[in-house]
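> Fold the following for me, if possible:
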Amino acid sequence: MRDSSSRGTRRKLKAILAGGIALGLGATITLAAWNDSEYATGTFTAGTFSMEGSTNGTTYAEHPTAGTAAALVFSTGFDDISPGDVVAAPFAVRLTAATTYDATVTVASATPAPPGFVGLTYGIATVPAFANCSATPTTPTWIVAQGTPLNSVAGAVPFNLTQGTPPTTPGAAVNLCFVVTAGPTLVQGTSVTETWQLLAESV
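As a prediction, this is how the structure comes out:
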């Protein structure tokens, strides 16, 4: 009887120990993990860039295509020009308000219509003031040499524009002077329309 009772007690003890081990393992598995996080974000906004021009030195507007080109106001005689005559027109350019970059500007193209027109040549200079533009400009810096054919921009020299300070204001204007000279091959009664492109690139 003792042996049978002793074996029963050992079985109960084993069952209790086994249960205890099982409970211990369950408690270890369900422990919560500790964690933490950091987040970072950034918002990026592109700057703005635009150039505008003026034929009177006061009122500015954008002329972004050949079809909306500003009509230059040439000096007296441009509509009755003959060999030896020289006429000039001022044009001011600047960066618009809110532009956030400086710019380099190049005379990118010169297009006569009709394309084969001969008898006129041109040059473009920067001058200190809008009123300094004439057939003989005051202290010119030639960015396209005088005597350049109407269909050429060979040797064009870039110039710089600066953004406004603060950037919510327009930049300082650069005054250009377009000078056109009639040569001996100009044919009586002919007419040509010249379109120049000023190309600004942000820097």
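> pretty sure V179 is touching V127, no?
No - counting by Cβ atoms under 8 Å, V179 stays clear of V127, with 10.5 Å between them. C-betas here are computed from N, CA, C, even on glycine.
> Find the least confident helix or strand in this structure, judged by mean pLDDT.
Counting by mean pLDDT, DSSP states H and E, the weakest-scoring helix or strand in the chain turns out to be helix 2-29, with a mean of 48.
> Compare V179 and V127 and say which is more crowded by neighbours.
V179 (24 against 21; other Cβ atoms under 10 Å).
> give me the beta-bridge partners of that one?
V179 forms beta bridges with A88, G123, as assigned by DSSP bridges.
> what's the pLDDT at it?
pLDDT recorded at V179 is 98.
> What of T190?
Confidence score, pLDDT, at T190: 96.
> where does the closest residue to A154 other than its chain neighbours land in three-state SS?
Spatial nearest neighbour of A154, chain neighbours left out: T148 (6.6 Å); criterion: Cβ to Cβ, 6 or more residues apart in numbering. Look at T148: counting by DSSP: H, G, I helix; E, B strand; the rest coil, its state is strand.
> Check which helix or strand V93 maps to.
strand 86-95 (DSSP states H and E).
> what stretches of the protein score poorly on pLDDT?
For the chain, residues meeting the criterion pLDDT under 70 lie at 1-32.
> let's see 80
Judged by pLDDT under 80, the chain has its weakly predicted residues at 1-33.
> just the strands in it please.
51-54, 86-95, 103-113, 120-127, 141-149, 159-161, 174-182, 193-202 (DSSP state E).
> packing partners for the third one?
It refers to strand 103-113. Under the contact criterion of 3 or more Cβ pairs under 8 Å, 6 or more residues apart in numbering; DSSP states H and E, strand 103-113 touches strand 141-149, strand 159-161, strand 193-202.
> hang on, the earlier thing: now the strand holding V93: how far from the chain's centre is it?
22 Å (Cα atoms, centre = their mean, to the nearest Å).
> and the angle for it with strand 193-202?
30 degrees (axes from the mean of the first three to the mean of the last three Cα atoms, to 10 degrees).
> Which elements pack onto strand 86-95?
Against strand 86-95 (3+ Cβ pairs under 8 Å, 6+ apart) you get strand 51-54, strand 159-161, strand 174-182, strand 193-202.
> Within its local environment, how many residues does A61 see?
By the criterion of other Cβ under 10 Å, A61 has 10 neighbours.
> Would you quantify the distance from P149 to V93?
Counting by Cβ to Cβ, to the nearest Å, the separation of P149 from V93 is 23 Å.
> ugh, typo on my part, it should be S152
Applying Cβ to Cβ, the value for S152 to V93 is 21 Å.
> and what of L161?
For L161, the distance to V93 (Cβ to Cβ) stands at 7 Å.
> what do the two both touch?
M51, V105, V174, A200 (Cβ atoms under 8 Å, 6 or more residues apart in numbering).
> All set now, cheers.
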